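K.L.:
Sequence and predicted model, in that order:
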Amino acid sequence: MTTHTVDTTQEMATFLRTRRERLDPRELGLPSRRQARRTPGLRREEVAELAGVSVDYIVRLEQARGLRPSADVVEALARALRLAPVERAYLFDLARQRPRKADRAATAAAPPLARLVADLSPLPAMLINHRYDILAWNHEMTRLLLDFDTLPPEQRNSMWLCLMHPQIREFHVDRERLIREGITHLRAAWAAHPEDRVLTGLIAEFITRDEDFARLWDEQDIKVNGRGHKVMRHPVAGVLTVQFEVLMPLQDPDQRVVIFRAADDESQSALDRLCAR
């Protein structure tokens with residue numbers, strides 16, 4: 001991987017092949033064949049039959065031979081491969097068949113959203129973009145994580161902190177799950193913003209410097225997780241659990257408001273003590 005742009009043809013080839021290999025022919029009701037399967041998943045001819053295209057077309061797609069499938073073909077492939085909604089959207093992005101937004105990537109907080117983040121106190125909240133750059137935050141978030149003002153701008157990125165920051169690396173109890181969830185978002189963002197060299201450079205840095213990220217990136221998972229929980233091992237408050245919610249404003253779709261709430265009474269007491277310090 002380089003820091004130039006996304007090679008969407010190669011990425012689509014890999015994505016289609018991995019999704020084909022994950023399917024169980026028996027679950028699709030395909031007839032059994034006398035010849036044993038040498039590789040997992042569906043054969044190319046089976047995908048071709050399900051999608052209504054030629055076998056040669058599937059071969060050329062998986063060999064990254066420069067094809068750009070139409071929207072109808074992408075839809076047929078998505079159905080044949082039983083893609084989840086976020087995977088389908090990812091495939092449409094790779095095929096350049098979804099309308100592109102003219103707006104550039106957000107690198108500064110929209111003022112109304114920055115005020116909203118501040119007004120969400122006493123709930124810890126922050127504002128991020130599609131790269132996970134942290135654009136704004138409130139006092140409670142600094143008490144829970146760290147004072148982002150002390151970091152150079154290039155390090156104000158929640159994935160960078162999770163992977164590279166010595167304190168935050170040990171902060172999350174289930175670090176691998178969080179990295180996996182972050183990767184699925186970054187991969188979708190990578191396809192939706194192929195011109196974003198900063199994002200491509202970040203991903204390349206993560207692959208080079210973190211073995212867990214490199215291993216999980218190769219799994220080709222696509223999923224956007226807008227809510228969930230995190231178990232944190234805080235150096236002052238001890239172990240606490242927070243639930244998070246990610247909100248996407250209609251007027252600023254490249255920015256996301258992330259809100260944390262205590263998941264239980266003990267965690268709420270820990271948050272209260274932190275914010276009162």
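P.N.:
Right, received. Where do you want to start?

K.L.:
which residues in the stretch 101-250 of the chain form strands?
P.N.:
Remark: strands assigned in the stretch 101-250 of the chain by DSSP state E, counting those that start in this stretch are 125-129, 134-137, 227-234, 238-247.

K.L.:
what about the first one, average pLDDT?
P.N.:
Right, the one you point to is strand 125-129. For strand 125-129, the mean pLDDT works out to 96.

K.L.:
Quick one: work out the angle between it and strand 238-247.
P.N.:
Angle between the axes of strand 125-129 and strand 238-247 is 50 degrees (criterion: axes from the mean of the first three to the mean of the last three C-alpha atoms, to 10 degrees).

K.L.:
what does strand 125-129 rub up against?
P.N.:
By C-beta atoms under 8 Å, 6 or more residues apart in numbering, the surrounding residues in contact with strand 125-129 are 105-107, 109, 113-114, 117, 134-138, 140-141, 158, 254-260. From N, CA and C alone the C-beta is placed, and that goes for glycine too.

K.L.:
can you check the longest one too?
P.N.:
The contact list for strand 238-247, computed with C-beta under 8 Å, 6+ apart, reads 124, 144, 173, 225-234, 256-264, 266-267, 270-271.

K.L.:
How about the shortest one?
P.N.:
Residues from elsewhere that reach strand 134-137 (C-beta under 8 Å, 6+ apart): 106-109, 113-114, 117-118, 125-129, 148, 156-158, 255.

K.L.:
and residue 7, how many neighbours?
P.N.:
If you count neighbours by other C-beta atoms under 10 Å, residue 7 ends up with 15.

K.L.:
If you could redo that for residue 201, that was the one I meant.
P.N.:
Neighbour tally, residue 201, other C-beta under 10 Å: 15.

K.L.:
just residue 17 next, same as before
P.N.:
20.

K.L.:
Helix or strand: which one has it?
P.N.:
Per DSSP states H and E: residue 17 is located in helix 8-22.

K.L.:
Likewise for residue 260?
P.N.:
strand 255-262.

K.L.:
I'd like to check the angle between that strand and strand 227-234, please.
P.N.:
Strand 255-262 runs at 60 degrees relative to strand 227-234, counting by the same axes, to 10 degrees.

K.L.:
Direction included, what does strand 255-262 pair up with?
P.N.:
Using DSSP bridges, strand 255-262 pairs in its sheet with strand 125-129 (antiparallel), strand 238-247 (antiparallel).

K.L.:
so which of these comes closest to residue 48?
P.N.:
Distance to residue 48, taken as C-beta to C-beta, is lowest for strand 238-247 among those, at 38.1 Å.

K.L.:
Point to the residue nearest the middle of the chain.
P.N.:
Central residue of the chain (C-alpha atoms, centre = their mean): residue 185, 0.9 Å from the mean position.

K.L.:
Thought residue 225 was touching it, still the case?
P.N.:
Yes. The criterion here is C-beta atoms under 8 Å, and residue 185 meets it with residue 225 at 7.1 Å.

K.L.:
Filter the contacts of strand 134-137 down to the buried ones, PyMOL style.
P.N.:
In PyMOL, this line selects whichever of those come out buried by 16 or more other C-beta atoms under 10 Å:
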select buried, resi 106+109+113+114+117+125+126+127+128+129+148+156+157+158+255
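
K.L.:
quick one: contacts for residue 190?
P.N.:
6, 196, 199-200, 203.

K.L.:
Residue 56 versus residue 62, what's the distance?
P.N.:
11 Å (C-beta to C-beta, to the nearest Å).
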